[in-house]
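**Q** Quick one: sequence plus predicted model below, questions after.
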Amino acid sequence: MSSSDDDDERIPFIQRPEWSDVRPVPQDDGPHPIVPIAYHDDFRETMDYFRAVYLADERSRRALDLTTEAIGMNPANYTVWHFRRLVLEALNVDLHEERDFIDEIAVRNSKNYQIWHHRRWVAEKLGPQAADKELEFTMMILALDAKNYHAWSHRQWVLQSLGGWEKELDYCCKLLEDDIFNNSAWNQRYFVITRSPLLGGLQAMRDSEVSYTVEAILANPQNESPWRYLRGLYKGDTDLLVSDNQVSDVCLKVLKTNHNYIFALSLLLDLLCYGFQPSHELKRVVQFLGKTETDSSDANLATTICSILETVDPMRSNYWAWRKNNLPSQVC
Amino acid sequence: MNRRNTDNLVEDLLGDFEYEVQVPYLLYRNAAQEVNGIWFYNAHDCEAAANLFGRILNAYSKVPQKPKASTKSSEFEELEAVPTSAVVEGPLEPPPTSSAAAAVPDVSDDSFVNFFSGFGSRLGATMEDLVAEKHVKYILSVEKKKDDFESLVLEHLRMNGAYWGLTTLDLLHKLGAVDPDEVVSWMMECYHQDCGGFGGNIGHDPHLLYTLSAVQVLALFDRLDVLDIEKVSDYVAGLQNGDGSFSGDIWGETDTRFSYCAICCLSILHRLDKIDVEKAVNYIVSCKNLDGGFGSIPGGESHAGQIFCCVGALAITGSLHHVDRDLLGWWLCERQCKDGGLNGRPEKLTDVCYSWWVLSSLIMIDRVHWIDKDKLTRFILNCQDRENGGISDRPDNAVDVFHTYFGVAGLSLMEYPGLKSLDPAYALPVDVVNRIFFGKQRAPSLLAS
């Protein structure tokens, strides 16, 4: 907000004839404010007038316009939003207009809880016909910040309450094309796979999803998200995870590149702990890494992996040491 | 060592010290000829600790004697013989309302080992590195900057600001710089008598966020008696929805943040029985993701802030068994980035506030030794404004009260010298929590939940 521009255009309330009947109510900070806040004069005046209509519970058009001004100056003030909703209801305003208003201010305030909540309130009242616009809106916000947590929460709520699942998986694909490291998009992908009424559910989607994920991993093995996503596709079914060759294969492929293999090692470690029987090739590749990275040589593959990780991921050396001390007795 | 007790046990291994393993006890005799036993839940950990003693003694026997590090001596009480029962205690009365639920049996594992092994190698952090006096000054007199738009937007959440500022002062042992009567009288002007909730400031509508902050601040000052406890707890309980979730206020925004606010608040007021705890817990569990983390709603992306809220709520209600500690602990320790700071989700920037949310979560599930504490400490200290006080989200950015609190809180959780201990679930100093639960009034016993 450029204060000099606003100062030029804004007419103080005290000079507006349509407000001449109102006595502004100043902020009561108490006798000795413990967390003193400085005020800008325009803001102070606007809030003084807001306080007046709020205390008088005046639910009029001018009160609505006043909340618009107050929100423009401080969109995080939840009391102003509360009162605005009361006024909107009392005046029975067409909420499509309200939605347009939110469209305007949301871009500059995309992390503001009040705006998102207000948006949801409006969308709920508009019902399922609002779904498309809401998805468009969140898409617009996500185009500016693809990880905006509020936008994703809102989008998930829209899908579940108002519908619109048709293009969601494609949307996830597109976002991941833009940025394969976007954890929110991976999370949304999982959300769609598991909850969309239009797809077959996790089991039906698993094979295609595994292929997709493996490709993503191989392109950037240091990317944390697809590794977690891959595990998620087996939804806690460790037997399935262990028996699916695609999983151990991707670990092997990454290990053979001798580069960015931390997540590959940690997944392999988990597989071993679930009873996985490694191939000779896997053992060979890991032992080779073990010799290059560590001084010790362990007969036990899992122990070797822990030793390597302690060395190459020293920030988490306590975690890897703990893993080493807690290996199942039968592990390879 | 024991999160239910602010007294830490210190023994000099290098003096006259002998030990013997008798699983599940690690028995030792110290220089004062006292014989004590440390009880371990896990036999393996018992042996691991004994091995550690052995390694330390071997290492020191080979190395020329150095002057003993005494960085922490000011923080610890004079050591007392700790009878075995002190560390064997079962669930406290009343069981689930205390964050001690987080310290149930697992307290014995690697955190103990690392308490000894990690500590000696600490960066030698001294009180000088934390410019405590400057932070106190910063909080006490937030500058009146007319051009500062940041200040304007804080008006409606002054209640939160009060909590952040005052708790930080207490951690720095400077709560006495503020007059409790002034705070309390301002706070009661934010109270809505008709419904029992607190607003963010005078003239603001009630909301769960500010109600929790108000109750926390009153707890700091030991002035909970000014509350109409029934009324306030009814307000909070009234915000629970049919599915167990909580709304922030009458307008219905639902978020696991509010589950935490409600549960923490009611626990402090000893009124958890006013809500359906089981449903509340089930709702939180429905927000658990496959990576072990929690989101704001079911299916929501795991985020450290939400994780703190969910884990905190589960800890307070004695429901931590729903958490896969190893899985979540790993996700949380993966938040530590090359600069030593923590982020909130994969591939996001580090920020000092995660020093609280990630760290407190790790402590509640007893996995804090999985991060590199020295590096994190350095990161937080580098976020200080050493000239004017205050802490920012990352080095060289503008400071604010929010990040000042989280930075100091993070340091406290890592036992930085000179700071009061902070309870990871209640986000209040441990002595305040002890006063709430072990003070004059005993809590009504919680019915099985």
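**A** Structure's in. What do you need?

**Q** residues contacting the nearest residue to B:Lys373 once chain neighbours are set aside?
**A** Using C-beta to C-beta, 6 or more residues apart in numbering or on different chains and skipping the chain neighbours, the partner closest in space to B:Lys373 is B:Met414 (4.9 Å). (Each C-beta comes from the backbone N, C-alpha and C, glycine too.) With contact set as C-beta atoms under 8 Å, 6 or more residues apart in numbering or on different chains, B:Met414 has these partners: B:Leu359, B:Val368, B:Lys373, B:Leu376, B:Thr377.

**Q** As TSV, these with neighbour count, secondary structure and pLDDT would be great.
**A** As requested, those are exported to TSV (neighbours: other C-beta atoms under 10 Å in any protein chain shown; DSSP: H, G, I helix; E, B strand; the rest coil; pLDDT from 0 to 100):
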residue	neighbour count	secondary structure	pLDDT
B:Leu359	28	helix	96
B:Val368	24	helix	95
B:Lys373	26	helix	96
B:Leu376	26	helix	96
B:Thr377	22	helix	96
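
**Q** Which member of those is positioned nearest A:Glu136?
**A** B:Leu359 (39.1 Å; C-beta to C-beta).

**Q** quick one: least confident helix or strand in chain B?
**A** helix B:84-88 (a mean of 25; mean pLDDT, DSSP states H and E).

**Q** okay, now B:Gly252: neighbour count?
**A** 13 (other C-beta atoms under 10 Å in any protein chain shown).

**Q** show me the contacts for it.
**A** Per C-beta under 8 Å, 6+ apart, neighbours of B:Gly252: A:Trp121.

**Q** cool, B:Glu301 as well?
**A** B:Glu301 neighbours (C-beta under 8 Å, 6+ apart): A:Tyr149, A:Trp152, A:Asn183, A:Ser184, A:Asn187, A:Gln188, B:Asn289, B:Gly295, B:Arg345.

**Q** Mind putting the residues you listed into a markdown table with distance to A:Arg120?
**A** Shown next, in a markdown table, are the contacts of B:Glu301 (distance: C-beta to C-beta, whole Å):
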| residue | distance to A:Arg120 |
| --- | --- |
| A:Tyr149 | 14 |
| A:Trp152 | 13 |
| A:Asn183 | 23 |
| A:Ser184 | 18 |
| A:Asn187 | 19 |
| A:Gln188 | 18 |
| B:Asn289 | 22 |
| B:Gly295 | 16 |
| B:Arg345 | 22 |
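
**Q** From those, which land in helices?
**A** Among the contacts of B:Glu301, the members falling in helices (DSSP state H) are A:Tyr149, A:Trp152, A:Asn183, A:Ser184, A:Asn187, A:Gln188.

**Q** which of those come close to chain B?
**A** A:Tyr149, A:Trp152, A:Asn183, A:Ser184, A:Asn187, A:Gln188 (C-beta under 8 Å from any C-beta of the partner chain).

**Q** Same list, the residues you listed, but as TSV with pLDDT and neighbour count please.
**A** Output for these, formatted as TSV (pLDDT from 0 to 100; neighbours: other C-beta atoms under 10 Å in any protein chain shown):
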residue	pLDDT	neighbour count
A:Tyr149	94	21
A:Trp152	96	26
A:Asn183	97	23
A:Ser184	97	27
A:Asn187	97	29
A:Gln188	97	25
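
**Q** Just give me the closest of the residues you listed to B:Val21.
**A** When these are compared against B:Val21 (criterion: C-beta to C-beta), the nearest one is A:Asn183, at 44.7 Å.

**Q** No more questions from me, cheers.
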